[in-house]
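Novice: Okay, here's the prediction I keep looking at, along with the sequence it came from:
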Protein chains: 4
Amino acid sequence: MIAVLKRGTTIEQREHLIRWLKNMNLDVHVSSGKEITVLGLVGDTSRLDTELLTSLEIVESVKRVSEPFKQANRKFHPADTVVKIGDIKIGGGNFAMIAGPCSVESQDQITQIALDVKAGGADILRGGAFKPRTSPYAFQGLKDEGIRMLTEAKKVSGMPIITEIMNVRSLELFEDVDIIQVGARNMQNFDLLQELGKTQKPILLKRGLANTLQELLMSAEYIMSEGNENIILCERGIRTYETYTRNTLDLSAVPVLHNLTHLPVIVDPSHATGKASLVPSMALAAAACGADGIMVEVHNDPTCALCDGAQSITPDQFATLNKKVQTVREAIK
Amino acid sequence: MIAVLKRGTTIEQREHLIRWLKNMNLDVHVSSGKEITVLGLVGDTSRLDTELLTSLEIVESVKRVSEPFKQANRKFHPADTVVKIGDIKIGGGNFAMIAGPCSVESQDQITQIALDVKAGGADILRGGAFKPRTSPYAFQGLKDEGIRMLTEAKKVSGMPIITEIMNVRSLELFEDVDIIQVGARNMQNFDLLQELGKTQKPILLKRGLANTLQELLMSAEYIMSEGNENIILCERGIRTYETYTRNTLDLSAVPVLHNLTHLPVIVDPSHATGKASLVPSMALAAAACGADGIMVEVHNDPTCALCDGAQSITPDQFATLNKKVQTVREAIK
Amino acid sequence: MIAVLKRGTTIEQREHLIRWLKNMNLDVHVSSGKEITVLGLVGDTSRLDTELLTSLEIVESVKRVSEPFKQANRKFHPADTVVKIGDIKIGGGNFAMIAGPCSVESQDQITQIALDVKAGGADILRGGAFKPRTSPYAFQGLKDEGIRMLTEAKKVSGMPIITEIMNVRSLELFEDVDIIQVGARNMQNFDLLQELGKTQKPILLKRGLANTLQELLMSAEYIMSEGNENIILCERGIRTYETYTRNTLDLSAVPVLHNLTHLPVIVDPSHATGKASLVPSMALAAAACGADGIMVEVHNDPTCALCDGAQSITPDQFATLNKKVQTVREAIK
Amino acid sequence: MIAVLKRGTTIEQREHLIRWLKNMNLDVHVSSGKEITVLGLVGDTSRLDTELLTSLEIVESVKRVSEPFKQANRKFHPADTVVKIGDIKIGGGNFAMIAGPCSVESQDQITQIALDVKAGGADILRGGAFKPRTSPYAFQGLKDEGIRMLTEAKKVSGMPIITEIMNVRSLELFEDVDIIQVGARNMQNFDLLQELGKTQKPILLKRGLANTLQELLMSAEYIMSEGNENIILCERGIRTYETYTRNTLDLSAVPVLHNLTHLPVIVDPSHATGKASLVPSMALAAAACGADGIMVEVHNDPTCALCDGAQSITPDQFATLNKKVQTVREAIK
C-alpha cells in the first residue's frame, strides 16, 4: 500500500504516523522527493482501514497496490480452476449449459422439464426450491419438498442438479444437491458464505444486485478462506437507471473476471434481462465473450409458471439456442 | 391492477386471458373503448406475476394500482407509529439521537463513550458486536463478548442499546439488546426478517445498498406480517457512480417514506458519507427535512478505531452537533 | 394514455378533470368499474405533462400506452432502415466495421492507420478532429486541420470517413465527411440535433452517459422530425457504480433497440470498456447479439497516442479481431 | 502524479518509461524500495492520459495527487467567491432565494408571479424561455419572446432575472439577463462553456444528470480558463435506480463542494424531486447543510402550467417556505 503525504507535513507528524503504522506490524519505506513524500507499506495491510488512513490530516491519498483477494487471485494461482460435478467440468475451456425452471412446482413438471432440457443439450438441471421474493405474500417455493422433487428428477434424467440456499439452517437438506447456489441477495451474507466454505460442495456465487467485481471476489474469498475452492462465479445483471430490462447485464464482467481470478465465470441472461425474448441474444453474447457456461430458465408452459414466467423460454427454444451457442463457441476458438 | 390490451386483440384472445386471470381468483372488469381495452383486476393480486402478464402477446402494459405493502402502508394506518424503548420514543413527533462507536472494542472504550455521548445529549447507545465486513481478513467484531460489554455499558450509563444481528442463530444473544439492527446487506435476508417478526423487539431496518424505497417497505412488511410492528426505518445512503462520498445519502427518502408509511424514519449520515467532516452538515439536513432521529458514529479516538474511524466524530463534536440539531428541529416546527 | 382515478373521487372532481383534458384537445373515454375508474385519453398526448397529471389529488396513476417516439418506431415502420454510405450499407442484415484512431494526430498517422485498417477488413475510417475532453487543459483535437487530414486519408484509402461534431457552427466543415457523429455528451444537445435533421448526412448518434434507450430514441426523433432519417444508433457503455471498466457496456441495448426501432444499431466497445484488453471480447459479444456494426479504436502506436491510447488496439489485433467477428456473424445466422 | 511499478520490472523497462515521461516535459523522481518502486511525476500532468499510463505492462497503478481543476480549487484560492448581481450577493455567507415558473408562458403570468414571489421573499426571478425537452413534440418555450417578457417582469418587479441558454448562437439575446443558466444536459457542452467564459456574466452551472462533482468542477474550469470567474454551482439531483423521485438529490454535494472549491453552491429541489410535495422538506435540508441559495419553481396555477407543473409550489407555499428557510439559516449559524 502507498500513502502519499501532503506538502508541508512536518517530520514530527510523519514520524508519528510511521509509529502508528509500525504498531500494526507494517514495514514502512519512506521515499522522500523534493515535492512528494511517499510511504510504502509492506506486510499484512488487509486489517488496515484505508478510509481512515486517507482521512488523516497529513495524508493526501492512499492507494492499495495489491488486490485484497488472495486465494481467488490469478496472480498467485495462474492456472484456471476446473470445477467438477461428476463427469461435468466447468472452467479451463470446459463449458456447461444449465437449464430448468425458476421454481420447482410439481414432480411431473420438474421431471418433464429435466428430460426436455437434457434432450435439448443441457448438462445440469436448475430449479428453485427456496425462493427469495421481495414480497412476503408471493410464492416462496416448495422448500424441502421441492428439493426432494429435484432429487427425483436427477435420478430420472441422470443430470446433476443446482438449487439455491437461503439459510444456514437448511444446509442439511442439500446433501444430494450437486451445486449450491448463493443468490444475488445473499452475496454478502457472510455467515452463510463461511458455512459453505466448510463444505466441499461446488458453490455457484451470484454477483449481488449492485456489487462490484472486487466485492464478488471478496465474497468468494470468504468461502475459500474456510477451505472450499469449488466456486463458480455468476454474472446476472446489475441495477442501473435503465428500466427497459430488469437489470443491466454486465458482460464485460466475463473477461475482467477471467483476468483477475482463476475461478470459472458463467452468465445468467434470464434474471439479467427479465424478458424471454432477450435471452437468446444475450446467451450468444455471453458465449462469444468467453463465459464458461450459461444458466437459463426453461419452462414447458411459461404463461403458467408460478414465478418468473416472463423470462422463461420453452424447451424447443432452448434446444435451438443450445445449438447456436455451440456454434459460437466454435467460432471464437 | 390494470392491464391494457393491444389494439387488434381478438375477442377469443381476450376471453382466454380473462379465464386465466379468473383461475387465479381475480375478478376482471372489462372496459372497452373504441381505441383501448382495459382490464381491471380486483382481488388478491399479490401472487400475480406482473412481468409475466406484461410479456403476454396481447398485453400492451400492466400497472399496479395499489401498493404491494399493506401493513406498513399509511393509507390503511394513517396515524404515526411510535416505537417505545423504555422512556424513549421514536416517531410521531418524537426524536432520538443514537450515538456510539462503530465497533465495541473493549469494556473501557464502550463505557467511556457511553458516558460521553450521554453527556452530549444522546438518547440511545450504538455499538457493533457482529460486524459484516467485505473482507474475511478484516476485524469481524468481538461478537458475544461485544454484546456483553454493551450490556454492561447500558447498566452504567442507563441508556438503551442498539446493535446489529447478522444471523438467526445468534438471536438468543440479543435478549438484553433494546433495538436489533438489520444492516444494509441483510435488508433482503428474508429468513432473518421473518424470525425477527416473531419477536416483539424494536427493529431498526436499514435500507440496502441499492434498494428502492418500495423494497425497503416490503422488507418491513416481512417483519410485520409475522406480528412485530415495532420497526424503525433507516436511510443510510445508496450506491451511485459518485465516488467522493462512500454512498449517496438520499434525504428525499425521509419525506417520501413519511408519505408512504406510518413507520418512523431515521438517518445515518456516518455510513452514508464515510467522512467525519461531512457528518454534521448531513445530520442537520436530516433534522431539517423531518427525520425522526439520527444515528451517528462517535469514537473517543477516531484514529485508533478498529473499524470505520474515518467516519467517526469525537464526543465533543457530537455534543456541539446535538445542540444544533435541536435548534434546527425547533426552527422547522 | 390511461389515467386511473383514486377511490372516493367525486363525480364533480372527475368532470372537472375531464373538462381540463378536453381543453387540451384530447378525447376522454370513461371506464367506470365498481372499484376502479379509468380514463382513456386519445389524441395527441405528447404535449401533456404526465408527471403533472400524476400529481393531481384525484389521480392514482398514469400510464402511457403508446411510445412517445413515432418516426423511429418499428410499429409504424416495420422494415429495417438501411443507411447507405456510397457502397457501404448498415442495417437490414448489412454489417460494417468502423476503425481508426481516437484522434487525428498528423497526416502520416491517419493515412497509415487508414491503409492498415483497410487491409485488416475495415469498411469505414474513424478519427476525431474535434475532441470533447473533460479538462480544458487536455488535447482538444486538430479541429478543421484534422478534418482536412481525414479527407486526405479518405482519398488515399478509398474509405468513407466518420468524425464527431461538437457545435452547430462548424457544420460547414463537414461537407466531405460521410457520417457525422454526435457524441455521448451531446445526445441531448437538441439544437445540434435539429440542425443535423436539416441535412441528409448519415448521423451516428451515441447513447448518452446515463440516458435510457427511450431517451436515445427521442433524440433520434429530434433529427427525424426535421427530415433526416439516416440515423445509426450506437451503444457505448453507460455510467454505473462499477469502476473496473470506464463504463458498463449495455449489450442488451442491441436486441431491445431492434425490437423498438427500425434504425440500425452499432456498438463501440473501446469507449465502453476503456481498456484495449477487453475490446476483442466485447466486440465478439456485440456481433453475437446481432449488432449491425462495430466501431473500434485502432492506433499504430497506442502508447504514443495523444488521446485514449489505453483503449486502442493495434492494426494487427484489429485484423485478427475482424476475422473472428465475421466467423461469429456466420455462426448466428 | 504517482505511478507505482510492478514487481519484476527491469531497469531497462523502467528507464524506457522514464524517457517517455520526460518527453512530455515531466520531471520524474524515482523512489525505489525493496518491494515497491514509485515514480513521482512533477510538472504539467494535465495532458497526460492516466488511463494509458495505467494500461502499460509494467505499471501497477497510477494516482493523481493533485486535483485536475486549478482555478476553481480552494487550495489555491482559499477565500469564498462572492458572486454579485446588483445588490444581491451569493456565496461567502450571502444567501439568495431564486423563484419563478419553469416556463415563461405570457407577460401576465411572469409579471404576476414575479410580484408574488418578491412579496414572498424572493431575491431573483427565474423563468425558462428556451426549454430543453426530451421530446421534439413537447412545448419548447417562448424563446426570444420569453426573454423579452422576463425583461419586462424584471423592470416591473425590480428583481434580477435568470434564464437558461441552450445555444451559443442565442447569446446576444441574453444582454439584459442577469444570470445565465447552463442546464444539466449542457454541463459538458464545452463549446458553450468556453463562449460563456468570454463574457463577464454570472453563470449558474447545473450538475449534469450523471456527472461527478469533479466533472462539475472541470466544467467550471472551462468557463474560468476563458476569464469568467462569476460562477454559481447548482446541485439538482442525479440519476439513480430509485424511481419514486425524478432524480436523487445529492445534498452531500454541498459540503463536499464547499471543501473543494471557493465557488458558491445552490440547490434546486424542484427538478431534483419532480414533486411539489417534497420541495419544502428538501429546501429546508439544503439550507441546513449550508447551501448558498435555493432555486424553486413557483407557479400561480400549477395544474395549468405548460411545463413541470407537478413540481411547482404556489406563491403562498413559497412565502411560508421562505420564512422557514430563514429560520433554519439562523439555527445553524
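Specialist: Everything's here; your move.
Novice: what's the spacing between stretch A:14-22 and its chain's center?
Specialist: Remark: stretch A:14-22 is offset 39 Å from the chain centroid, using C-alpha atoms, centre = their mean, to the nearest Å.
Novice: ditto for stretch A:134-153
Specialist: For stretch A:134-153, the distance to the chain centre is 22 Å (C-alpha atoms, centre = their mean).
Novice: Report the buried residues of it.
Specialist: A:134-142, A:146-151, A:153 (16 or more other C-beta atoms under 10 Å in any protein chain shown). Placement of C-beta: from N, CA and C, glycine included.
Novice: Same check on stretch A:15-25?
Specialist: A:17, A:21.
Novice: That one close to chain B?
Specialist: Yes - judged by C-beta under 8 Å from any C-beta of the partner chain, stretch A:15-25 comes into contact with chain B through A:Trp20.
Novice: check contacts around A:Ala272.
Specialist: A:235-237, A:245-249, A:282, C:252 (C-beta atoms under 8 Å, 6 or more residues apart in numbering or on different chains).
Novice: same deal with A:Leu196?
Specialist: A:Leu196 neighbours (C-beta under 8 Å, 6+ apart): A:165, A:171, A:180, A:182, A:203, A:223, A:226, A:228.
Novice: low-confidence ranges in the stretch 1-150 of chain A?
Specialist: Where the stretch 1-150 of chain A drops to pLDDT under 70, the residues are A:33-36.
Novice: And the residue in the stretch 201-333 of chain A positioned nearest to chain B, how close does it get to chain C?
Specialist: Closest contact between the stretch 201-333 of chain A and chain B, by C-beta to the nearest C-beta, is at A:Ala210 (3.1 Å). Distance of A:Ala210 to chain C, given as C-beta to the nearest C-beta, to the nearest Å: 6 Å.
Novice: Also A:Thr248?
Specialist: Taking C-beta to the nearest C-beta, one finds A:Thr248 at 5 Å from chain C.
Novice: ok, back up a step: excluding chain neighbours, give the residue nearest to the residue of the stretch 201-333 of chain A closest to chain B in space.
Specialist: Among residues not flanking A:Ala210 along the chain, B:Ala210 sits closest, at 3.1 Å (C-beta to C-beta, 6 or more residues apart in numbering or on different chains).
Novice: that older thread, now, which of the buried residues of stretch A:134-153 sits nearest chain D?
Specialist: Nearest to chain D among those, with distances taken as C-beta to the nearest C-beta, is A:Thr134, at 14.2 Å.
Novice: quick one, what contacts that closest one?
Specialist: B:188, B:215, B:218.
Novice: a markdown table for those, including distance to chain D and pLDDT?
Specialist: A markdown table is the format used below for the contacts of A:Thr134 (distance: C-beta to the nearest C-beta, whole Å; pLDDT from 0 to 100):
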| residue | distance to chain D | pLDDT |
| --- | --- | --- |
| B:Gln188 | 15 | 96 |
| B:Glu215 | 10 | 97 |
| B:Met218 | 14 | 97 |
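Novice: returning to what we had before: can you get me a residue count around the residue of the stretch 201-333 of chain A closest to chain B?
Specialist: 22 (other C-beta atoms under 10 Å in any protein chain shown).
Novice: And A:Gln13, by the same measure?
Specialist: A:Gln13 has 16 nearby residues by other C-beta under 10 Å.
Novice: Good, wrapping up.
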